[in-house]
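Asks: Pasting a predicted model and its sequence here:
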Amino acid sequence: MINLSSITRPTLLLDERICRANIAFMSKRAAEAGVHFRPHMKTAQSRLVAGWFRDAGVRSITVSSVGMARYFADDGWDDITIAFPVNPREIDALNTFPGTVRLHFLLESPETAGMLGAALRREADVWIKLDSGYGRTGIPHDDDVALDALISSLRQITQLRLRGLLTHAGMTYTASNADEVRVLFEQSRARLVGAAQRHGNLLCSAGDTPGCTLAKSFEGLHEIRPGNMTFYDLMQAKRGVCGIHDIAVAAACPVVAVHEKRGEVVLYGGAVHLSKESIPGDEGFPLYGLLCELTPEGWSDPIEGGWLCGMSQEHGIARLPAPILRRLKPGDLLAVLPVHSCLTADAFGGYLNLDGERVDHYAAHIHFPHAI
Ligand code: PLP
């Protein structure tokens, strides 16, 4: 039970039961498809939550920075993919990891491979980043010349072991429904597996939450790396990837002003807490979160007709139906279901579980002001 009177400022609540159910769901999907599950820790960024993955049989993880790799390595994780292009300025930091930790890097250029060859004083596994249509990083999936060139240069570097091709089908986030997600993921999967087969049957690593949750086939894939599925959020619910009851985090925000004539309340909870990410609401206006009632046991279903319609640095503007508005007063609390849980969790840098206990987050470890 949460002691609601102990919540004095915006606080991110984490429902362990929902989170463990999400982890169990994805672990089962991976096991049934015979693919390795290497969840991305960029969503929860928490040693406690990583432990819930461990309880579900996970032994290897993905992270998005060298610092995050260190945070988990120091907690006993010894098989870690840093799923971000190697930053040549951090090679010295990579050299400080214990030899017992198996590190996997992402590469897309012979130049960076050469710099690693010159400065890396440990062995590491390498995945070539493939652009399967997202257009962010990676060698275009059909650029066999560039792939050959990188593979040949990797063969000259004794510290590096080439494992395979890795892609992130981030374009599934442009889909407007589950069927579109499936089509985009399938296109990415086929491009990844096709490129791997043309280059000596390399292993294939894929992983975005929409695709991994909904795909009909993981054929040809060695591993999947979804992360957002740890918490899910409104962005996923909007696309039919999850239901509202699968969302494992909600921000408890104090009401600081009630504007009955406007039909709005002002929350202490703005862009620095929730992020400024939005989805189109029913009337086409940006929606920054859905509003729920808070009880000592957790949060309710979303309040019908209630939504976060505006956002500035610390303020959230919440629109609510008149009967609810009339009984709210400054000092009350509302819960906000986030649009993008990864950014919200990163902004808070810490959680409170539904027993009122603190849950760690890597961001608090490095700097964070909103950490509880
Ligand atoms: N792998 C890489 C390289 C990513 O960049 C991301 C997310 O950005 C993921 C995996 C996890 O995807 P999702 O956030 O959809 O779970």
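Replies: Now that the structure is in, tell me what you want to look at. On a predicted model such as this, the values are computed, not experimentally measured, just so you know.
Asks: following whichever strand or helix holds residue 267, which helix or strand comes up?
Replies: With elements taken from DSSP states H and E, the one containing residue 267 is strand 264-268. Past strand 264-268, heading to the C-terminal end, the next element that is a helix or strand (DSSP H and E) is helix 271-274.
Asks: quick one: contacts of that next one?
Replies: Under the criterion Cβ atoms under 8 Å, 6 or more residues apart in numbering, residues 10, 12, 251, 253, 288-289, 308, 311-314, 316, 336, 338-339, 343-344, 347-348, 370 lie in contact with helix 271-274. Where C-beta positions appear, they are placed from N, C-alpha and C, glycine not excepted.
Asks: of those residues, list those near the ligand.
Replies: Judged by Cβ under 6 Å from any ligand atom, the overlap between the contacts of helix 271-274 and the neighbourhood of the ligand is nil.
Asks: Please narrow those residues to those residing in strands.
Replies: If you go by DSSP state E, those have 12, 251, 253, 289, 308, 311, 316, 336, 338 in strands.
Asks: what's the closest non-adjacent residue to the last one?
Replies: Closest residue in space to residue 338, ignoring its immediate chain neighbours: residue 344 at 3.9 Å, by Cβ to Cβ, 6 or more residues apart in numbering.
Asks: contacting residues around the one you found?
Replies: Residues counted as contacts of residue 344 (Cβ under 8 Å, 6+ apart) are 12, 233, 249, 251, 273, 274, 275, 338.
Asks: isn't residue 342 right next to residue 232, touching?
Replies: No. Under the criterion of Cβ atoms under 8 Å, residue 342 is not in contact with residue 232, lying 10.5 Å apart.
Asks: So which residues on the stretch 101-250 of the chain come close to the ligand?
Replies: 168, 207, 208, 209, 225, 226, 227, 228.
Asks: returning to that earlier point: and residue 342 and residue 232? which has more neighbours close in?
Replies: A side-by-side neighbour count of residue 342 and residue 232, using other Cβ atoms under 10 Å, places residue 232 first with 27 against 23.
Asks: confidence score at the closest residue to that one other than its chain neighbours?
Replies: The spatial neighbour of residue 232 that comes closest, neighbours along the chain excluded (Cβ to Cβ, 6+ apart), is residue 242 at 4.0 Å. Model confidence at residue 242, expressed as pLDDT, equals 98.
Asks: Same question for residue 371.
Replies: Turning to residue 371, the model gives it a pLDDT of 58.
Asks: Next, give phi and psi for residue 204.
Replies: The phi and psi values for residue 204, taken as degrees, to the nearest 10, are phi -120, psi 130.
Asks: just the one 5 residues further on next, same as before
Replies: When read as degrees, to the nearest 10, the backbone of residue 209 gives phi -60, psi -40.
Asks: what's it in contact with, if anything?
Replies: 226, 227, 228, 229, 232, 236, 241.
Asks: now residue 175
Replies: For residue 175, the contacting residues are 181, 183, 184, 210, 239, by Cβ under 8 Å, 6+ apart.
Asks: go again using 10 Å as the cut-off
Replies: For residue 175, the contacting residues are 181, 182, 183, 184, 185, 210, 211, 214, 239, 240, 241, by Cβ atoms under 10 Å, 6 or more residues apart in numbering.
Asks: Mind exporting the C-alpha coordinates of stretch 207-226 to CSV?
Replies: In CSV, the C-alpha atoms belonging to stretch 207-226 read as follows (Å, rounded to 0.1, in the frame of the first residue of the first chain):
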residue,chain,number,x,y,z
GLY,A,207,13.9,-5.8,-31.6
ASP,A,208,11.3,-3.1,-31.3
THR,A,209,8.4,-3.5,-28.9
PRO,A,210,5.6,-3.1,-31.4
GLY,A,211,7.1,-5.7,-33.8
CYS,A,212,8.2,-8.1,-31.1
THR,A,213,4.8,-8.0,-29.4
LEU,A,214,2.7,-8.5,-32.5
ALA,A,215,4.9,-10.3,-35.2
LYS,A,216,3.6,-13.5,-36.6
SER,A,217,7.1,-14.8,-37.4
PHE,A,218,10.6,-14.5,-36.0
GLU,A,219,11.9,-16.9,-38.6
GLY,A,220,15.7,-16.6,-39.2
LEU,A,221,16.2,-14.4,-36.1
HIS,A,222,18.7,-15.4,-33.4
GLU,A,223,17.6,-12.9,-30.8
ILE,A,224,15.1,-10.1,-30.0
ARG,A,225,15.8,-7.0,-27.9
PRO,A,226,12.5,-5.1,-27.1
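Asks: Check the average confidence over that stretch, would you?
Replies: Confidence over stretch 207-226, taken as the mean pLDDT, stands at 97.
Asks: on that earlier part again, possible to save the contacts of residue 209 as JSON lines with distance to residue 329 and secondary structure?
Replies: As requested, the contacts of residue 209 are exported to JSON lines (distance: Cβ to Cβ, whole Å; DSSP: H, G, I helix; E, B strand; the rest coil):
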{"residue": "226", "distance to residue 329": "41", "secondary structure": "coil"}
{"residue": "227", "distance to residue 329": "39", "secondary structure": "coil"}
{"residue": "228", "distance to residue 329": "35", "secondary structure": "helix"}
{"residue": "229", "distance to residue 329": "38", "secondary structure": "helix"}
{"residue": "232", "distance to residue 329": "32", "secondary structure": "coil"}
{"residue": "236", "distance to residue 329": "33", "secondary structure": "helix"}
{"residue": "241", "distance to residue 329": "37", "secondary structure": "coil"}
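Asks: Closest one to residue 33 out of those, please.
Replies: Distances from these to residue 33 were compared by Cβ to Cβ; the smallest belongs to residue 226, at 12.7 Å.
Asks: Hmm, residue 30 and that closest one touching each other?
Replies: Yes. Taking Cβ atoms under 10 Å as the contact criterion, residue 226 and residue 30 are neighbours in contact, 9.3 Å apart.
Asks: Widest-spaced pair of the contacts of residue 344?
Replies: With Cβ to Cβ as the measure, no two of the contacts of residue 344 lie farther apart than 233 and 273, at 14.3 Å.
Asks: Thanks again, I'm all set now.
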